[in-house]
Each structure stands twice: as C-alpha cells, then as structure tokens.
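**Student:** quick check, what structure comes out for this input:
(chains A, B and C)
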Amino acid sequence: MTEDQAVVVQEELRPLVDLVGPGPSAPATVAGLDVAYSPGGDLLAAAVTVLDARTLTVVDSAVGVGRPAFGYVPGLFAFRELPALLTALDRLRTVPDLLVCDGHGLAHPRRFGLACHLGVVTGLPAIGVGKTPLVGTWDPPPGERGAWSPLRDGGDVVGRVLRTRDGVKPVFVSVGHRMSLANATAQVLALTPRFRLPETTRTADRLCRDALSRTEHPD
DNA sequence: GCGACAG
DNA sequence: ATCTTGTCGC
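**Tutor:** All right, here's what the predicted structure looks like:
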C-alpha cells in the first residue's frame, strides 16, 4: 500500500468513528497496547495486557511478533503497528472493556489516529494516550495531578493535555472510539495512581520488550 | 520554500 | 521506536 492509499483508507474509515458513546464509566477490564522494535527496526513485537480495572493487576495478555507493515510516517502510524496489534488482540482469551493505545486518537491531522483505527476495527471503546504531541496547540495545565487544558487544532478540541503526576510533564489524551473526552480523562487518571503513564501502557511496554528480547535471543 | 512531525 | 553520553535529583 502506498502513502496515498493509506490516507484514502483513513478517510474512508473516519466516518465510522463513534463520537457519541460515553463509554463505560466503570470498566471491569482495561487493555494496554504497545510495540517494541529491534535495534535495526526490521522486527517488532506487539503486546496487549488486560488489567483488572479495580486492582490494576494483569489478568490476561498476548503477543504478536512480525515485521513493520509500513514505514514510519507521522499521521500513518497505525499502518505500521496495527497488524501485529490485531494479532495480539486475537490471541487474547478475554474481551477487554476499553483499549488504551500508545499514541493519539482524534488528535491527528485527519482525526483518525491509531486509537480511532483500532477502535473502529475492533468495535471496542478506545482512547489514545500520547507522550508527545502530533497536532494542536495548548496552554500548560496547572502543576497538580488531575489538571488539564484543551488541545485545539483547526478550531476543534481534539483532546486534553493532562497532568497525571504533580510537577511532571503532562500526557496527551484523545478519544479513539465510543468514548467521551471527559470519560477518557477519568479513565487515564484511574490508571495513573503512581506513574506518569497508565499502568496499562507500562505493563504492555514491559511485555513487548520481553517478547522481542526472547525472539532475538532464543535460549 | 522551510521546518515539524504519535511510535 | 532505539542508540548513547552526560546530568539532575531523590
């Protein structure tokens, strides 16, 4: 697939994003998704971890190893990681109530980032939590955990810049699918009792790194 | 035309 | 994302 064709796919799928559903207010399980790359970038491992939303302990997980399906192009990021992530999701024995993606949802040049793409393809509620911005402008939120400011782009509010820890660099929260922005914010705060990034992202990050290491050094 | 640009 | 040296802070 070419970059132009990928953009066409995004524009075809974008109308399928559900912007109405408020999403679960008290999800039983929340999934984190992340991908790790080999040093040369020719191999990747995708991981999904499913956490009990109340205890934040891992109750299910799966991995998918493969080749990057696309070059790294900002705005077309999903085409790179989506196949391996879907493989991992297929191997789960649980259906999580919410997907927390490492990257953006509506905070995207065409309002269709990885979290939207994963949400539409799976039909599950999804949100994006990015560590750095892709689009938009914002004012720095106050320094206390829980404080946020709107992320604006082209006249739209596309997400929130959310402080998850006192005095620590904020994260970028946006809706992916079947979730309100307010609920997405609440869920991220529930997932960050101790660290800047959601526990879901942390457990998935650890798992995909381990899986990649095991793939590179079979013993 | 130039710089910026999720992971 | 990963690599890599140096620096700040608990």
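
**Student:** which residues touch the longest helix anywhere in chain A?
**Tutor:** If you go by DSSP state H, chain A has its longest helix at helix A:199-216. Contacts with helix A:199-216, where a contact means C-beta atoms under 8 Å, 6 or more residues apart in numbering, come from A:30-38, A:43-49, A:51, A:56, A:58, A:61, A:63, A:65, A:100, A:102, A:129, A:191-193, A:195. (C-beta placed from N, C-alpha, C; glycine too.)

**Student:** likewise stretch A:14-24?
**Tutor:** So stretch A:14-24 is contacted by A:97-98, A:106, A:110-112, A:116, A:119-120, A:125, A:175-180, A:183-184, A:187 (C-beta under 8 Å, 6+ apart).

**Student:** how about 10 Å then?
**Tutor:** With C-beta atoms under 10 Å, 6 or more residues apart in numbering as the test, stretch A:14-24 has contacts from A:30, A:53, A:97-98, A:105-106, A:108, A:110-112, A:115-117, A:119-121, A:123-127, A:175-184, A:186-187.

**Student:** give me the neighbour count for A:Asp153.
**Tutor:** A:Asp153 has 19 neighbouring residues, counting by other C-beta atoms under 10 Å.

**Student:** now do the contacts for it.
**Tutor:** By C-beta under 10 Å, 6+ apart, the neighbours of A:Asp153 are A:106-109, A:111, A:133-138, A:159.

**Student:** and these, which of them are buried?
**Tutor:** A:106-109, A:111, A:134-136, A:138, A:159 (16 or more other C-beta atoms under 10 Å).

**Student:** okay, and which of those residues map to strands?
**Tutor:** Under the assignment DSSP state E, the buried ones among the contacts of A:Asp153 contribute A:Gly159 to strands.

**Student:** DNA strand B next: which of the buried ones among the contacts of A:Asp153 are close?
**Tutor:** A:108, A:134 (C-beta under 7 Å from any atom of the strand).

**Student:** with respect to DNA strand C, which of the buried ones among the contacts of A:Asp153 is nearest?
**Tutor:** A:Leu134 (12.7 Å; C-beta to the nearest atom of the strand).

**Student:** which helix or strand contains A:Phe172?
**Tutor:** Following DSSP states H and E, one finds A:Phe172 within strand A:171-177.

**Student:** I'd like the next helix or strand past that strand.
**Tutor:** Next helix or strand after strand A:171-177 toward the C-terminus (DSSP H and E): helix A:181-190.

**Student:** for that next one, packing partners?
**Tutor:** Using 3 or more C-beta pairs under 10 Å, 6 or more residues apart in numbering; DSSP states H and E as the contact test, the elements touching helix A:181-190 are strand A:99-102, strand A:126-130, strand A:148-153, strand A:156-162, strand A:171-177, helix A:199-216.

**Student:** go with 7 Å
**Tutor:** Counting contacts by 3 or more C-beta pairs under 7 Å, 6 or more residues apart in numbering; DSSP states H and E, helix A:181-190 is packed against strand A:126-130, strand A:156-162, strand A:171-177.

**Student:** let's have those strands in TSV, adding mean pLDDT and distance to A:Ala204.
**Tutor:** Below are the helices and strands packed on helix A:181-190 laid out as TSV (pLDDT from 0 to 100; distance: least, C-beta to C-beta, whole Å):
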stretch	mean pLDDT	distance to A:Ala204
strand A:126-130	97	11
strand A:156-162	97	19
strand A:171-177	98	15
